[in-house]
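Peer 1: Below is the structure, and that's it, no one-letter string:
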């Protein structure tokens, strides 16, 4: 599928098509060949799980194959019912953290103009609040008062879902409404999750689910899958709720195309350790594109704290400020700026107050969110997702994490992007993501940052959090258009790099659920495929070609590869189909560069290779494979060619030479005439002065 916008592209090509006009052309230097190992579109389709191993064979007989569709659209007005677990396992810290998260969700995250209701469930479901319009702070505070605080009983997620549908159905069609289901355990009281799936589908509601611990029912994903919702994970056995806040914001911002909403942008999300012996400080960058409705929130579980916030313009906020709100019931401090925040670095100071905690410390969760200042200068926003949220380790033991950074409709390039993967055992892994067009990333500078993760340590859920920061090289890439659609290749306008001010953003990347994990000492992860091999120079005199590519890693994009296997042949098929039989580049063949010196992933590699011959119709095709120390290969690279035919230097055009000569002679002649006139004028003036002494201005007074 390349340049599918052309009218002539109206079928899927295949490598084995009987009709030559429909046969895939593997030598075309396009993205299909580069990223799909020179396979045709049908070849790729037939190799997917839907069709390989004889799955879904062609239908035989006279059967109606017309598809049926159920269209599920978001409601024009956001309607959300919170379905909250209050079973016995939620007692203590879990219900306290749930209240903290939902307090901030209702007070700060849900856009004004939304309708929100509350349902709790244990053995049965209880309607705590019908849909209420959130149109001011007072209406938000009224709804917060109805959040649950008591726990007990079993877990009937199914009953909570059914009651949530009833709340959405009150005096209106429930279709397009949202259920946000939060649970920490298995459904152990009827109805079961499977029993309510049909009701969810028939109602046309969208169900987002948050697994509040790794022990939460694995069938939660079914509710999200059948309804077009999203699945998230929060490890409630931690002291921090930063991840929970990120997840709650994601349930809003992941659907930012809803009308009449101004979603919050998460700028900062960190869990900080605070001790009695010293203040804990932190700093947040607020760029000029945000600053409206800026909220700093601080949550904790045990000992009281105090916060001071200093702005870049010298303004300070503390417990005496009108903007400072202390919620002692839920241990939340909120500083809500009433005017647009000044851009720059904001610093906060956290103090632990209780003297009984002199030898102790605690975790304080800090979250900062804001909204855009003007539609004329859109802020940088980020959206994160993973290649597959459900991993069968025996079949596909890795994922790719993606972050899409944009400023309005323009992709943002050269930002610093990391993903933090929180494992089920409580440990974290940090991976860097790149928009380099190599390894996991497909296209350079398209605003999509990518990276592999494969360090799974066991079955269970893994949470993904991403952080993006600007630097002095960060820029929005504008092609003058206003569309979010991918540009048609060959028709793009010239891109313009527009510098972006320093900024920081954070977001949830969703959850990953791993099954069938096994520990193994075997290295079965190979390097990434090299996809940017290029000939950057050819020398007839030296009988050589200079090759360049981007280094990949030992395991995908991690670590150094062991060696490169570079080969050449006189035909394309000599590389594509018989790579192992092609001539290998040896150390003796290398004129410039060193095959033994291998760079880090992302480095540019370059060597100059002496070739066997040169002359008319002499061309060589090149391919490369990266190999790790366990002899795993990254697959054959894209294939490129170098032509070693002698090309004589261009002879100068006689007409052009004559014209240049005429111009030069004319200019020299004109300059000669001017010089002659200057000399004549000078000599004439000198002769006149010598004949008239008074003209010199130095006449002797004795002759006056």
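Peer 2: Yep, that arrived. Keep in mind that this is a model prediction, so the values were computed, not measured. Residues are numbered from 1 along each chain as shown.
Peer 1: Quick check: beta-bridge partners of the residue most central in space within the chain?
Peer 2: The residue lying closest to the centre of the chain (C-alpha atoms, centre = their mean) is residue 403, at 1.2 Å. With DSSP bridges applied, residue 403 shows beta-bridge pairing to residue 384, residue 449.
Peer 1: Make 34 the starting number, not 1.
Peer 2: That works, and once the first residue is 34, the last one we named lands at residue 436.
Peer 1: and the gap between it and residue 489?
Peer 2: 20 Å (C-beta to C-beta, to the nearest Å). Quick note: C-beta positions are derived from backbone N, CA and C, even for glycine.
Peer 1: How about residue 249?
Peer 2: Distance from residue 249 to residue 489, by C-beta to C-beta: 19 Å.
Peer 1: Show me which of these two is the more surrounded one.
Peer 2: residue 249 (26 against 21; other C-beta atoms under 10 Å).
Peer 1: The more buried one: what's it in contact with?
Peer 2: 216-219, 494 (C-beta atoms under 8 Å, 6 or more residues apart in numbering).
Peer 1: what's the answer for residue 76, then?
Peer 2: By C-beta under 8 Å, 6+ apart, the neighbours of residue 76 are 47-48, 57, 69.
Peer 1: Help me confirm that it is found in a helix?
Peer 2: Yes - the assignment for residue 76 (DSSP: H, G, I helix; E, B strand; the rest coil) places it in a helix.
Peer 1: what about the residue lying closest to residue 545 once chain neighbours are set aside, how many residues close to it?
Peer 2: Distances taken as C-beta to C-beta, 6 or more residues apart in numbering place residue 495 nearest to residue 545, at 4.3 Å, with adjacent residues excluded. Residue 495 is flanked by 26 other residues according to other C-beta under 10 Å.
Peer 1: ditto for residue 469
Peer 2: 18.
Peer 1: what about it, is that helix, strand or coil?
Peer 2: Residue 469 is classified as coil under three-state DSSP.
Peer 1: for the one 3 residues further on, same thing?
Peer 2: Classification of residue 472 using three-state DSSP returns coil.
Peer 1: so it makes contact with residue 561?
Peer 2: Yes - using C-beta atoms under 8 Å, residue 472 is in contact with residue 561, at 4.1 Å.
Peer 1: list the residues that contact both of those two?
Peer 2: Common contacts of residue 472 and residue 561 (C-beta under 8 Å, 6+ apart): 485, 585-586, 589-590.
Peer 1: Show me which pair in the residues you listed is furthest apart.
Peer 2: 485 and 585 (10.6 Å; C-beta to C-beta).
Peer 1: Now for these two: what residues contact both?
Peer 2: Going by C-beta under 8 Å, 6+ apart, residues that sit against residue 485 and also against residue 585 are 472, 561.
Peer 1: residue ranges with poor pLDDT in the chain?
Peer 2: Applying pLDDT under 70 to the chain flags the ranges 34-38, 103-108, 289-294, 388-392, 513-527, 683-703, 705-707, 710-737.
Peer 1: before we move on, the earlier item: now the helix or strand where the residue nearest to residue 545 lies: buried residues?
Peer 2: Assigned by DSSP states H and E, residue 495 belongs to strand 493-502. Of the residues in strand 493-502, 493-501 count as buried by neighbour count, 16 or more other C-beta atoms under 10 Å.
Peer 1: export those residues to a markdown table and tack on distance to residue 231?
Peer 2: Converted to a markdown table, those look like this (distance: C-beta to C-beta, whole Å):
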| residue | distance to residue 231 |
| --- | --- |
| 493 | 29 |
| 494 | 26 |
| 495 | 31 |
| 496 | 30 |
| 497 | 31 |
| 498 | 35 |
| 499 | 36 |
| 500 | 40 |
| 501 | 41 |
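Peer 1: quick one on the thing from earlier: which of residue 485 and residue 585 has more neighbours?
Peer 2: Under the criterion of other C-beta under 10 Å, the comparison of residue 485 against residue 585 puts residue 585 first, with 30 against 21.
Peer 1: re earlier: pull up the pairing partners for the strand holding residue 495, direction included.
Peer 2: By DSSP bridges, strand 493-502 pairs with strand 449-455 (antiparallel), strand 537-548 (antiparallel).
Peer 1: start to end distance for stretch 39-52?
Peer 2: 20 Å (C-alpha to C-alpha, to the nearest Å).
Peer 1: Can you list the buried residues in that stretch?
Peer 2: By 16+ other C-beta under 10 Å, the buried positions in stretch 39-52 come out as 46-47.
Peer 1: residue contacts, residue 680?
Peer 2: Residue 680 is in contact with residue 573, counting by C-beta under 8 Å, 6+ apart.
Peer 1: my bad, residue 410
Peer 2: So residue 410 contacts 321-322 (C-beta under 8 Å, 6+ apart).
Peer 1: And it, how far from residue 298?
Peer 2: Applying C-beta to C-beta, one obtains 14 Å for the distance of residue 410 from residue 298.
Peer 1: Show me what residue 596 is bridged to.
Peer 2: Assigned bridge partners for residue 596, using DSSP bridges, are residue 660.
Peer 1: quick one: it and residue 627, what's the gap?
Peer 2: Computed as C-beta to C-beta, the residue 596 to residue 627 distance reads 12 Å.
Peer 1: ok, now residue 255?
Peer 2: Residue 255 is 55 Å from residue 627, by C-beta to C-beta.
Peer 1: for residue 567, same thing?
Peer 2: Residue 567 is 19 Å from residue 627, by C-beta to C-beta.
Peer 1: same thing with residue 460?
Peer 2: Taking C-beta to C-beta, one finds residue 460 at 39 Å from residue 627.
Peer 1: Please, where are all the helices along the stretch 184-333 of the chain?
Peer 2: Taking DSSP state H, counting those that start in this stretch as the criterion, the stretch 184-333 of the chain carries its helices at 190-202, 230-236, 253-260, 275-286.
Peer 1: Identify each buried residue in stretch 368-378, please.
Peer 2: Using 16+ other C-beta under 10 Å as the test for burial, stretch 368-378 gives 368-370, 373-376.
Peer 1: coming back round to it: counting neighbours, which of the contacts of residue 249 comes out on top?
Peer 2: Counting by other C-beta under 10 Å, top hit in those: residue 216 with 28 neighbours.
Peer 1: contacting residues around it?
Peer 2: So residue 216 contacts 118, 188, 190, 242-245, 249-250, 253 (C-beta under 8 Å, 6+ apart).
Peer 1: Mind putting these into CSV with distance to residue 278?
Peer 2: Rendered in CSV, the data for the contacts of residue 216 read as follows (distance: C-beta to C-beta, whole Å):
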residue, distance to residue 278
118, 18
188, 24
190, 23
242, 17
243, 12
244, 16
245, 14
249, 18
250, 23
253, 20
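Peer 1: Those in strands, which ones?
Peer 2: Of the contacts of residue 216, the ones assigned to strands by DSSP state E are 118, 242-244.
Peer 1: nearest to residue 533, of the residues you listed?
Peer 2: For these, the closest approach to residue 533 (C-beta to C-beta) belongs to residue 243, at 32.4 Å.
Peer 1: how many neighbours does that closest one have?
Peer 2: So residue 243, with other C-beta under 10 Å, has 27 neighbours.
Peer 1: Likewise for residue 239?
Peer 2: Burial of residue 239 is recorded as 24 neighbouring residues (other C-beta under 10 Å).
Peer 1: how about the strands in the stretch 334-483 of the chain?
Peer 2: 338-343, 349-350, 357-360, 365-369, 377-385, 394-405, 413-419, 423-425, 432-440, 443-446, 449-455, 461-466, 481-486 (DSSP state E, counting those that start in this stretch).
Peer 1: Next, format the ones you listed as TSV and append distance to residue 111.
Peer 2: Output for the strands of the stretch 334-483 of the chain, formatted as TSV (distance: least, C-beta to C-beta, whole Å):
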stretch	distance to residue 111
strand 338-343	30
strand 349-350	31
strand 357-360	25
strand 365-369	22
strand 377-385	30
strand 394-405	16
strand 413-419	18
strand 423-425	28
strand 432-440	22
strand 443-446	27
strand 449-455	28
strand 461-466	30
strand 481-486	27
